[in-house]
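S.K.: okay, structure incoming, though there's no sequence with it:
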């Protein structure tokens, strides 16, 4: 059981470790920069109010004068929401297409294992880097905040990471569907990145446009707001449930496509 998931997780173990270290270092850099930012004496919130609504939505800017608002913008809206969303969509884009393109899927399917099992375990392997990052980085962030003599609610910090799991899984599910639709892994990965980025832009624009708010509901970012969690202590549990349901639906779509695909088995 779970041999495929373990194999896939082991393949990406070095990448996961490197990503955890890189994100941890970036998080420490931003945390360490905050005291200088705060000591400048500039009321950055007044500048924020002058930004166009679309810009405020795109970067989740609510307040830059507090450590929570600063981290929400610099770490979680950019690194977590956008870059990690793109990363997991990209990674998932090669889960099936890579083996099909390199004629390795034939060998896998020659074993006593169903296509549904193969697809499910490959997708499940994404949980390893997702969980690892959401364990390592919050510890680093919290330690950094304490080191600069600031404070942050532990519950809010934990929630921003816990609620990111359904979001990142949804981004991965988008890549998984594309991985079953496109035989060339590089093409599937690029389309996955483009799809998640376009959905991000759609939500940013729609949320700041009267009468078009409903359009943003098609984007995963509509259901995960790091700024609301850190600055307002608002947890969108219904949004997390929606993302999990969307992930399940997308995985079913990918399974249906993979079961009917001609991969020589």
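M.R.: Sure thing, it's come through. Owing to the predicted nature of the structure, the values given are computational and were not obtained by experimental measurement. Numbering: from 1, shown residues only.
S.K.: next one: residue 161 from residue 17, what distance?
M.R.: Between residue 161 and residue 17 the distance is 18 Å, computed by C-beta to C-beta, to the nearest Å. (Glycine included, C-beta is placed from N, CA and C.)
S.K.: run through the residues that contact residue 101.
M.R.: Applying C-beta atoms under 8 Å, 6 or more residues apart in numbering, one finds that residue 101 lies in contact with 183, 184, 185.
S.K.: just the buried members of those residues?
M.R.: Among the contacts of residue 101, those buried by neighbour count (16 or more other C-beta atoms under 10 Å) are 183, 185.
S.K.: out of residue 161 and residue 17, which sits in the busier spot?
M.R.: More neighbours surround residue 161 than the other of residue 161 and residue 17, with 22 against 13 (other C-beta atoms under 10 Å).
S.K.: how about the contacts made by that one?
M.R.: 134, 137, 138.
S.K.: same thing but at 6 Å, please
M.R.: Taking C-beta atoms under 6 Å, 6 or more residues apart in numbering, we find residue 161 in contact with 134, 138.
S.K.: look up how far residue 86 lies from it.
M.R.: 18 Å.
S.K.: list the buried ones in stretch 227-237?
M.R.: 227, 228, 229, 230, 231, 235, 236.
S.K.: now render those residues as TSV, adding secondary structure and pLDDT.
M.R.: Formatted as TSV, the buried residues of stretch 227-237 follow (DSSP: H, G, I helix; E, B strand; the rest coil; pLDDT from 0 to 100):
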residue	secondary structure	pLDDT
227	helix	88
228	helix	88
229	helix	92
230	helix	90
231	helix	86
235	coil	91
236	coil	91
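S.K.: mind listing the helices for the stretch 101-250 of the chain?
M.R.: Taking DSSP state H, counting those that start in this stretch, the helices of the stretch 101-250 of the chain run over residues 105-109, 115-124, 127-147, 154-162, 164-181, 185-207, 226-232, 237-260.
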